[in-house]
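K.L.:
Pasted the sequence and its predicted model underneath.
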Amino acid sequence: MNNEAKIIVLTPIKNEDWILHQFLTLTSLFADCIIVADQQSSDRSAEICRAFPKVIRIENNSKEFNEDHRQLLLIETARRHFPKDTRLLLGLDADELVSADSLEMTQVWARLKRLPKGTSLHFERPDILYGNKACIRGKKYAHYFPLGYIDDGSPHQPDLIHSRRVPNNPSGEHVYVEELKFMHFFCARLNLRLAKLRYYSALENIKHTSRFYLRRYIYSPDTYERNYAERIEPLPESWINYHHTIDVDLNNFPDPSFNWQDLEVLKLFKTHGCKRFHLDNIWSFDWELLLQQTGNSNGLYPSEIQRPAKLLTTLLSFLDKLYLKSRKIRNLNLLSLCQLFLDLFPVPQLHG
């Protein structure tokens, strides 16, 4: 048994060929193994994975979005493949790339590998904005993400959505790693970013994981510009100035008008009815055009789109403004306000 931990990256994917080559190229430079759980990708993701020797690709056969299932699948696979090794588990999505200067921090990586089992590792995960000129920083420890864990075999207890990706030992240490950065390219493609926001809002609706006014706030199309304006800074050149031998392109990501997340929302419309989602902030998107271009696809999608009434849309827009003010002044009983709204304008389809 080697006391120095192996770095095992755990990555779930579905149709990530737009950035997967860059991710695997960079991650292979510091990881001992990259376990990829592929949830029925229909693009070139599987082909890309086969080109990287450090990748172990496994199938995630779930037909629905199950964040808890895929995390357990990845962790169990790591423990099964490396039963006698000390494991540094690192949960990264395919759009989270290690910065160039982080690759040079050899002493930091070595220090992390020697930490005691049960230690949680927290990292800054700055959001890279479109054009790679600016980013949203999270310098405070409260903004760091618990992406890493020195595995002690503790059971993982994931949430349904936006869950911690690795196990947690309540009595273990917490280390905040200031030197290493994992750049999040969620905002690098505008259409994809908006598609993911719509998708997550619809998922939280059917999973009952947040109230509608919170979903409207969190998944609003302008959420990043509105909520994080004070944290936007120029993107440090040292983050993206990779050695000339490293072949990664961070400037030419494709950004189609429609993404697979939009098709998943159409499926939810079919299953639960469009009216179920009338309170979600997803109706600025042209669902009719998407449906027209995709067709009914063997009954997977609804035959027509039922949009919320204009009066409801106007009232929700007014409520959005009230909620924004309530977050600023913190003196409104928002729950009572929302309950009054629903009493005055009942939407029985919410429970359909």
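P.N.:
Yep, it's here. Numbering: from 1, shown residues only.
K.L.:
going forward, measure contacts between C-alpha atoms and count neighbours the same way
P.N.:
Will do.
K.L.:
the strands in the stretch 1-150 of the chain, which residues?
P.N.:
For the stretch 1-150 of the chain, the strands defined by DSSP state E, counting those that start in this stretch occupy 6-13, 33-38, 55-59, 87-91, 96-98, 120-124, 127-128, 134-136, 145-150.
K.L.:
Take the ones you listed and lay them out in CSV including mean pLDDT.
P.N.:
Listed next are the strands of the stretch 1-150 of the chain as CSV, based on pLDDT from 0 to 100:
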stretch, mean pLDDT
strand 6-13, 98
strand 33-38, 98
strand 55-59, 97
strand 87-91, 98
strand 96-98, 98
strand 120-124, 98
strand 127-128, 95
strand 134-136, 94
strand 145-150, 98
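K.L.:
which one of the ones you listed is the most hemmed in?
P.N.:
strand 87-91 (a mean of 26; mean count of other C-alpha atoms under 10 Å).
K.L.:
got the angle between that one and strand 145-150?
P.N.:
Per axes from the mean of the first three to the mean of the last three C-alpha atoms, to 10 degrees, the angle that strand 87-91 makes with strand 145-150 is 160 degrees.
K.L.:
which helices and strands does strand 87-91 pack with?
P.N.:
Judged by 3 or more C-alpha pairs under 8 Å, 6 or more residues apart in numbering; DSSP states H and E, strand 87-91 is in contact with strand 6-13, strand 145-150.
K.L.:
of all these, which lies closest to Ala46?
P.N.:
Closest to Ala46 of the helices and strands packed on strand 87-91 is strand 6-13 (C-alpha to C-alpha; 9.9 Å).
K.L.:
neighbouring contacts of the closest one?
P.N.:
Strand 6-13 is contacted from outside by 30-39, 41, 70-71, 74-75, 78, 85-94, 113, using C-alpha atoms under 8 Å, 6 or more residues apart in numbering.
K.L.:
if we can go back for a sec, would you reformat the helices and strands packed on strand 87-91 as CSV and include distance to Phe318?
P.N.:
As requested, those are exported to CSV (distance: least, C-alpha to C-alpha, whole Å):
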stretch, distance to Phe318
strand 6-13, 38
strand 145-150, 34
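K.L.:
Please identify which of the ones you listed is closest to His184.
P.N.:
His184 lies closest to strand 145-150 among the helices and strands packed on strand 87-91, at 11.6 Å (C-alpha to C-alpha).
K.L.:
So what's the gap between that closest one and the chain middle?
P.N.:
Chain-centre distance of strand 145-150: 15 Å, with C-alpha atoms, centre = their mean, to the nearest Å.
K.L.:
any residues touching it, and which ones?
P.N.:
By C-alpha under 8 Å, 6+ apart, strand 145-150 touches 5, 86-92, 115-125, 164-168.
K.L.:
ok, that strand: who's next to it in the sheet?
P.N.:
Note on strand 145-150: by DSSP bridges, its sheet partners are strand 87-91 (antiparallel), strand 120-124 (antiparallel).
K.L.:
I figured Phe258 was touching Trp287, is that so?
P.N.:
No: counting by C-alpha atoms under 8 Å, Phe258 stays clear of Trp287, with 9.8 Å between them.
K.L.:
ok, those two, which is more surrounded?
P.N.:
Applying other C-alpha atoms under 10 Å to Phe258 and Trp287 shows that Trp287 carries more neighbours, namely 20 against 17.
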